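In: Please work out how this folds:
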Amino acid sequence: MAFEGANEIIAQLQQLEEKKKVLIEEAKRINRRLHYKEVELKAILPFVKSTEGVRTGPVRATLRKLEFKISTQAFTPKKEREILKEVKGLEKDLEQVLKIEKARRKKDLVEKDIKELTARRDEVDKELSDLRQGISDLREKMKETRKKHVSVSAEPPREREPREYGNAPSPIAQAPPEESYFSLEEIVEIKKKNKKE
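Out: Purely as a prediction, here's the structure:
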């Protein structure tokens, strides 16, 4: 049975509970993605740290110079073979350099994702905290409203009236006084006497 103001409080509670469920699901998704990104970063870091001193620019610049040289100058076949051999070596080096660059970019992107996910998780935590406080406040309000309603509508407690048993006295009044009862020890002794007789 609802009382005045209870329906509004219940509706507000249901809204807040629904928002809380949505936020909890979002927090779970964020935590899963964050965990994945942290594992990914852990996997990338050793390679990036081991190649920290490698500069990627010089290899590219040297390769471009050689390619330009080949396209603009005429060489003897022997000299051209040497330059092509050097270009192939630089291209192999460039493959390694590209892997390093890719790993560095990936590390930067993963760190950026982690930062964004952490910020969003903090926002969701704050929203959840506020929602929980709001739910707690509404429940307290509901208790107070219920107490007010109960205290207003409740009748004062009645004193118990003795029951009437018609013309017969009440069963309590009919009970023999305590002295007319036997203790357990007395009953055992009476039984022993009856057996002897």
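
In: same for whichever strand or helix holds residue 116, what does it pack against?
Out: For residue 116, the host element (DSSP states H and E) is helix 77-153. The contact analysis (3 or more C-beta pairs under 8 Å, 6 or more residues apart in numbering; DSSP states H and E) places helix 77-153 against helix 6-50, helix 57-72. Heads up, the C-betas are built off the backbone N, CA and C, glycines and all.

In: Beyond the lowest-mean-pLDDT helix or strand in the chain, next helix or strand please.
Out: Every helix and strand in the chain was compared by mean pLDDT, DSSP states H and E; the lowest is helix 171-174, with a mean of 54. Once helix 171-174 ends, the next helix or strand along the chain (criterion: DSSP H and E) is helix 184-196.

In: next one: that following helix to chain centre, how far?
Out: 72 Å (C-alpha atoms, centre = their mean, to the nearest Å).

In: Near residue 88, how many residues? Count them for me, please.
Out: Neighbourhood size, residue 88 [other C-beta atoms under 10 Å]: 10.

In: quick one: contacts for it?
Out: By C-beta atoms under 8 Å, 6 or more residues apart in numbering, the contact list for residue 88 is empty.

In: Can you read off the pLDDT for it?
Out: In this model, residue 88 is scored at 86, pLDDT.

In: ok, now how distant is it from residue 131?
Out: 64 Å (C-beta to C-beta, to the nearest Å).

In: same question, residue 87
Out: Relative to residue 131, and taking C-beta to C-beta, residue 87 is found at 64 Å.

In: just to revisit the earlier point, mean neighbour count, mean pLDDT and distance to residue 107 for the helices and strands packed on helix 77-153 - can I get that in JSON lines?
Out: What follows is those, written out as JSON lines (neighbours: other C-beta atoms under 10 Å; pLDDT from 0 to 100; distance: least, C-beta to C-beta, whole Å):
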{"stretch": "helix 6-50", "mean neighbour count": "14", "mean pLDDT": "91", "distance to residue 107": "5"}
{"stretch": "helix 57-72", "mean neighbour count": "12", "mean pLDDT": "82", "distance to residue 107": "18"}
